[in-house]
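> next comes the sequence, and after it the predicted model I'd like to discuss.
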Amino acid sequence: MNLKSILFLVFVFVLFWVASLDPDLGWHLRYGQQIFEEGRVFRDNTIGYFLTDHIWTLNYSLYQWLIFVLEKYIGVWSLSVVQSALMVLMFGVIKKIFKLDLISGVLVVSYFWLLSLPVVGLGLRPQVLSTFFLVFSLAILIKRRWWWLVPLSFMWANSHGAFILELIVMSIYFGQLLVKKDKEIVKFSLIGVLVIVVSLINPFGIGIYEEALRHSWYPYKSINCRVVTTSQFGNCNDIDYYKRAGSGGSRSWG
């Protein structure tokens, strides 16, 4: 590795180093604590203030377990290290695949940072893992290391609802193989089936697909209203609703 590559990776690491400001961090850590200590996930809303009879189908288990272990045994600052390290790996792969020079790499990273600041600026969130997994899915497809998609499916399906993106990019790639009449299309099809099967190895089974489908077409504001509307605060379509209910009343999933 030459000096320019080292400087590039140091730039990425420093740029994405932020304190953990995620407003959802507290309940993610609480869920992670239960997974770590009791080996089970929350299904009933036993720790929330709103809709205590609500049934959760949130596939964050691996992410929640990870951040709890990091915070417990190393410290909350370790979440910043992990986010920066993930971004270093991600952009290292991008730089290598597309053979970017130092200036081009810095421009790509800076543009991504500006676009993703509302997410990465809050620290290590599940969306950060999804971005990392998406880039590696594309890299795996480009390099035709297809079997790596199987363990990736397990990790992604247990980390964030955007796991469905892996199947979407695989479907597009499958279409390209069809057009090109690729000789290994049967092999890729079998791997695709394995990816789906492995993704079902999660605490909620096929329920994570139902949740992903529901969130793909529900307007975000409607999701919030559907999940947290309580009569004591009035109509959640009213802009003053959240002032009355408090910031915690407007969260439906992190």
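Cool, the structure landed.
> count the residues that sit near residue 75.
If you count neighbours by other CB atoms under 10 Å, residue 75 ends up with 11. Placement of C-beta: from N, CA and C, glycine included.
> now it, what's its secondary structure?
coil (DSSP: H, G, I helix; E, B strand; the rest coil).
> state the distance from it to residue 214.
Distance, residue 75 to residue 214, by CB to CB, to the nearest Å: 36 Å.
> ok, which stretches of this protein are helices?
All helices of the chain, identified by DSSP state H, fall at 3-15, 25-38, 61-73, 77-98, 102-120, 126-143, 149-157, 164-180, 185-199, 207-217, 220-228, 241-245.
> mind giving me JSON lines with the ones you listed and columns for mean pLDDT and mean neighbour count?
Formatted as JSON lines, the helices of the chain follow (pLDDT from 0 to 100; neighbours: other CB atoms under 10 Å):
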{"stretch": "helix 3-15", "mean pLDDT": "93", "mean neighbour count": "15"}
{"stretch": "helix 25-38", "mean pLDDT": "89", "mean neighbour count": "17"}
{"stretch": "helix 61-73", "mean pLDDT": "94", "mean neighbour count": "19"}
{"stretch": "helix 77-98", "mean pLDDT": "95", "mean neighbour count": "18"}
{"stretch": "helix 102-120", "mean pLDDT": "93", "mean neighbour count": "14"}
{"stretch": "helix 126-143", "mean pLDDT": "95", "mean neighbour count": "20"}
{"stretch": "helix 149-157", "mean pLDDT": "96", "mean neighbour count": "21"}
{"stretch": "helix 164-180", "mean pLDDT": "95", "mean neighbour count": "15"}
{"stretch": "helix 185-199", "mean pLDDT": "96", "mean neighbour count": "15"}
{"stretch": "helix 207-217", "mean pLDDT": "77", "mean neighbour count": "15"}
{"stretch": "helix 220-228", "mean pLDDT": "47", "mean neighbour count": "15"}
{"stretch": "helix 241-245", "mean pLDDT": "42", "mean neighbour count": "16"}
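> and the pLDDT at residue 21?
Residue 21 carries a pLDDT value of 88.
> which residues touch it?
The contact partners of residue 21, taken as CB atoms under 8 Å, 6 or more residues apart in numbering, are 121-123.
> then residue 66?
Counted by CB under 8 Å, 6+ apart, residue 66 has contacts 32, 82.
> pretty sure residue 169 sits against residue 134.
Yes. The pair residue 169 / residue 134 is scored as a contact, 7.4 Å apart, by CB atoms under 8 Å.
> about what we covered before: and the contacts of residue 21 as TSV, adding neighbour count and distance to residue 162?
What follows is the contacts of residue 21, written out as TSV (neighbours: other CB atoms under 10 Å; distance: CB to CB, whole Å):
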residue	neighbour count	distance to residue 162
121	14	18
122	20	16
123	21	18
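> inside strands: which ones of the residues you listed?
Using DSSP state E, no member of those falls in strands.
> closest to residue 41 among these?
residue 123 (22.2 Å; CB to CB).
> do you know how far the closest residue to that closest one other than its chain neighbours is from residue 28?
Excluding the flanking residues, the one nearest residue 123 by CB to CB, 6 or more residues apart in numbering is residue 20, at 3.7 Å. Using CB to CB, residue 20 is found at 10 Å from residue 28.
> what's near enough to touch the residue nearest to residue 123?
Residues near residue 20 by CB under 8 Å, 6+ apart: 76, 79-80, 122-124.
> from those, which two are the most distant?
It's 76 and 122 that sit farthest apart of these, by CB to CB, at 13.2 Å.
> now tabulate the contacts of residue 21 in a markdown table and tack on pLDDT and distance to residue 103.
Shown next, in a markdown table, are the contacts of residue 21 (pLDDT from 0 to 100; distance: CB to CB, whole Å):
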| residue | pLDDT | distance to residue 103 |
| --- | --- | --- |
| 121 | 92 | 24 |
| 122 | 93 | 29 |
| 123 | 92 | 29 |
